[in-house]
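Chemist: got a structure for you, letters missing:
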């Protein structure tokens, strides 16, 4: 019954059969008491539908819907019996009253409020009640009792045995109902202040239901004359059995926010608005929309905390990153009522208390569902921060290289030209100035190569890597498969990422490892373009060494669907393996 169409069909069937059965029983025009009976029977399927659709993670809505359907079909059987329908149709339908009574007397109060047992200690009660329910229902069917049919024939030993089994099942159900009611009273007395009002109404509704059972038994227990005189008692008992619990649940919902279903008045006119707690799917959808609306990392975390706070109706919610960054939505006014780690050890989510009662197991499941997109949002925020920092560092590097290198050379070149013009310089000075200008041009090309080398744009990845490695001060070999890879061109993003990864690898080897030989291998197989940079240098411990440059490259490769690994040990050299997926 978790799907909306099935829940709606079940609720409509329950309401239609209950109404049809009542009108068939009395005929038209129906007396006022029968219409009252119909009106009181309708809230049960309506509540079952509401909770099933709006809180599909709970079992309480389907439980109420099942009880409503059983009651409606049982009433239809009584109505058909009044119109002379055959016992073959009437008896199975009227027998459905037995499981309806068991559900409303035992299971509805036992599984309050979320459709789960209060604790494992109640499992024997649930199993005994279920067994008694089966025995009671089977005995009712085997007795073949038509409430409007002619009296049965002589009683046989088999009939007596069946009657005793049916009565025993019904008696056990009643005993279990009393046990469950006592447990409900204990839970009410031990409940937190925010839940006490909810439990009080359910206790009252269950008490009224059991009182209706007593009234019904007393009303049906006399002779025919007494039966006619006891009709008001029977009617009151039936109305209590049918309507007490739905009425109590309705009041608990509207007045005490049972199951986070609230009702209020909004605007200047009398306008009731059902402010229902959003489902997990709705919270995730809203969270995705909120995160898509901004790329600022801190603002993303703020919207994440706000979505968690709104989804669980919390006073405050906080998201804490592994580096200590903390963003709070709402006013933090005390210790957290619930904390949950974000998958991947990326941080933690902390939840403050809620005005409408304590956080439940359902709230924890919703928070666990939110932890997955929360982790993605935190990863995204960290990635954006690292990329921004990398861009800023690269900008500063280019600025520093220009200032310390090319800018100073240009200043010197201009000064030399001015001196040559003022002194009438000879060929030697002009030759020197020409070489100085050529060197400045080479330096500019080297600087541009650090951004995007022309050899990569013109000749492709293999040629650009060979040119980069040809100027290294140590012996370096570049190997690639025969012409297919050398002639193959890839997208600018792929070629740029692999080229700069190789450049970073050889630069790190020269700077830190003091290698005697560097080996660069390019290959393409199994849908991957791979670059390996290996050296025979000093090596290092990857667990302790800083990898800021490689972390930026790893993010770049990860954005393309690839990856980067570094394998090294002190004294055993270093091997860097990078790859990206490619077609073909």
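Modeler: That came through, no problem. Here the structure is a predicted model, which means the values were calculated and not measured.
Chemist: what's the helix or strand for the most centrally placed residue in the chain?
Modeler: The centroid of the chain falls nearest to residue 369 when counting by C-alpha atoms, centre = their mean (2.7 Å). For residue 369, the host element (DSSP states H and E) is helix 361-401.
Chemist: my read is residue 576 is in a strand, agree?
Modeler: Yes. According to DSSP: H, G, I helix; E, B strand; the rest coil, residue 576 belongs to a strand.
Chemist: for it, the count of nearby residues, please.
Modeler: Number of residues near residue 576 (other C-beta atoms under 10 Å) recorded here: 24. (C-beta placed from N, C-alpha, C; glycine too.)
Chemist: ok, now residue 345?
Modeler: Neighbour number of residue 345 under other C-beta under 10 Å is 9.
Chemist: I figured it was touching residue 323, is that so?
Modeler: No. With contact defined as C-beta atoms under 8 Å, residue 345 does not reach residue 323; the gap is 11.6 Å.
Chemist: tell me if residue 327 really is in a helix.
Modeler: No. Judged by three-state DSSP, residue 327 forms no part of a helix; its state is strand.
Chemist: before we move on, what SS does residue 200 have?
Modeler: Per three-state DSSP, residue 200 ends up helix.
Chemist: so where does residue 319 fall, helix or strand?
Modeler: strand 316-321.
Chemist: related to what we said a few turns ago, against residue 301, how distant is the residue nearest to the centre of the chain?
Modeler: Computed with C-beta to C-beta, to the nearest Å, the distance linking residue 369 and residue 301 is 18 Å.
Chemist: and if you look at residue 559?
Modeler: Distance, residue 559 to residue 301, using C-beta to C-beta: 21 Å.
Chemist: now residue 176
Modeler: 51 Å.
Chemist: one more: residue 514?
Modeler: 43 Å.
Chemist: more neighbours: which of these two?
Modeler: Neighbours per residue (other C-beta under 10 Å) separate residue 514 from residue 301, with residue 301 holding more: 25 against 12.
Chemist: quick check, the more buried one in contact with residue 327.
Modeler: Yes. Here residue 301 lies in contact with residue 327, judged by C-beta under 8 Å, at a distance of 4.2 Å.
Chemist: distance from the strand holding residue 319 to the middle of the chain?
Modeler: Averaging C-alpha positions (C-alpha atoms, centre = their mean, to the nearest Å) puts strand 316-321 17 Å from its chain's average.
Chemist: report all helices and strands that it contacts.
Modeler: helix 297-312, strand 326-330, strand 347-351, helix 361-401 (3 or more C-beta pairs under 8 Å, 6 or more residues apart in numbering; DSSP states H and E).
Chemist: show me what the second one is packed up against.
Modeler: Okay, so that is strand 326-330. Counting by 3+ C-beta pairs under 8 Å, 6+ apart, strand 326-330 packs on helix 297-312, strand 316-321.
Chemist: which positions within it qualify as buried?
Modeler: For strand 326-330, the neighbour count (16 or more other C-beta atoms under 10 Å) marks 327-329 as buried.
Chemist: quick one: the helix or strand just after it to strand 316-321, angle?
Modeler: Sequence order places strand 338-342 as the next helix or strand after strand 326-330, per DSSP H and E. Angle, strand 338-342 to strand 316-321, by axes from the mean of the first three to the mean of the last three C-alpha atoms, to 10 degrees: 30 degrees.
Chemist: direction included, what does strand 338-342 pair against?
Modeler: strand 347-351 (antiparallel) (DSSP bridges).
Chemist: which of the buried residues of strand 326-330 sits closest to residue 484?
Modeler: residue 327 (51.0 Å; C-beta to C-beta).
Chemist: need the per-residue pLDDT for residue 423.
Modeler: Per-residue pLDDT puts residue 423 at 74.
Chemist: if you could redo that for residue 105, that was the one I meant.
Modeler: Confidence score, pLDDT, at residue 105: 86.
Chemist: wait, is it part of a helix?
Modeler: Yes. Assessed by three-state DSSP, residue 105 belongs to a helix.
Chemist: now that it has come up, it's in contact with residue 170, right?
Modeler: No. Residue 105 is beyond contact range of residue 170, at 10.3 Å (criterion: C-beta under 8 Å).
Chemist: low-confidence stretches in the stretch 451-584 of the chain?
Modeler: Along the stretch 451-584 of the chain, the model assigns pLDDT under 70 to residues 451-454, 471, 544-549, 584.
Chemist: try 80 this time
Modeler: 451-457, 468, 471-473, 482-484, 511, 542-553, 555-556, 584 (pLDDT under 80).
Chemist: in it, which spans are strands?
Modeler: 475-479, 517-525, 528-535, 563-568, 574-581 (DSSP state E, counting those that start in this stretch).
Chemist: tell me how the protein divides into domains.
Modeler: 4-265, 277-383, 388-448, 461-581 (automatic domain parsing).
Chemist: JSON lines for those, including distance to residue 455?
Modeler: Output for the domains of the chain, formatted as JSON lines (distance: least, C-beta to C-beta, whole Å):
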{"stretch": "domain 4-265", "distance to residue 455": "59"}
{"stretch": "domain 277-383", "distance to residue 455": "30"}
{"stretch": "domain 388-448", "distance to residue 455": "10"}
{"stretch": "domain 461-581", "distance to residue 455": "4"}
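Chemist: worst mean pLDDT among the ones you listed?
Modeler: Sorting these by mean pLDDT places domain 388-448 lowest, at a mean of 69.
Chemist: who are the contact partners of the closest residue in space to residue 470 that isn't next to it in sequence?
Modeler: Leaving aside its sequence neighbours, residue 470 sits nearest to residue 476 (C-beta to C-beta, 6 or more residues apart in numbering; 7.8 Å). Neighbour list for residue 476: 469-470, 506, 517-520 [criterion: C-beta atoms under 8 Å, 6 or more residues apart in numbering].
Chemist: cool, and residue 469?
Modeler: Residue 469 neighbours (C-beta under 8 Å, 6+ apart): 476, 478, 502, 506, 518, 520.
Chemist: 6 Å instead, please
Modeler: Residues near residue 469 by C-beta atoms under 6 Å, 6 or more residues apart in numbering: 476, 478, 520.
Chemist: what of residue 80?
Modeler: Shown in contact with residue 80 (C-beta under 6 Å, 6+ apart): residue 90.
Chemist: at 7 Å instead, please
Modeler: By C-beta atoms under 7 Å, 6 or more residues apart in numbering, the contact set of residue 80 is 24, 89-90, 93.
Chemist: okay, these in a markdown table with secondary structure next?
Modeler: Formatted as a markdown table, these follow (three-state DSSP):
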| residue | secondary structure |
| --- | --- |
| 24 | helix |
| 89 | helix |
| 90 | helix |
| 93 | helix |
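Chemist: now a ChimeraX select for only the buried ones of those residues.
Modeler: Per 16+ other C-beta under 10 Å, the buried members of the contacts of residue 80 correspond to this ChimeraX selection:
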select :24,90,93
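Chemist: out of the contacts of residue 80, which is nearest to residue 253?
Modeler: Once C-beta to C-beta is applied, the member of the contacts of residue 80 that ends up nearest residue 253 is residue 93, at 30.6 Å.
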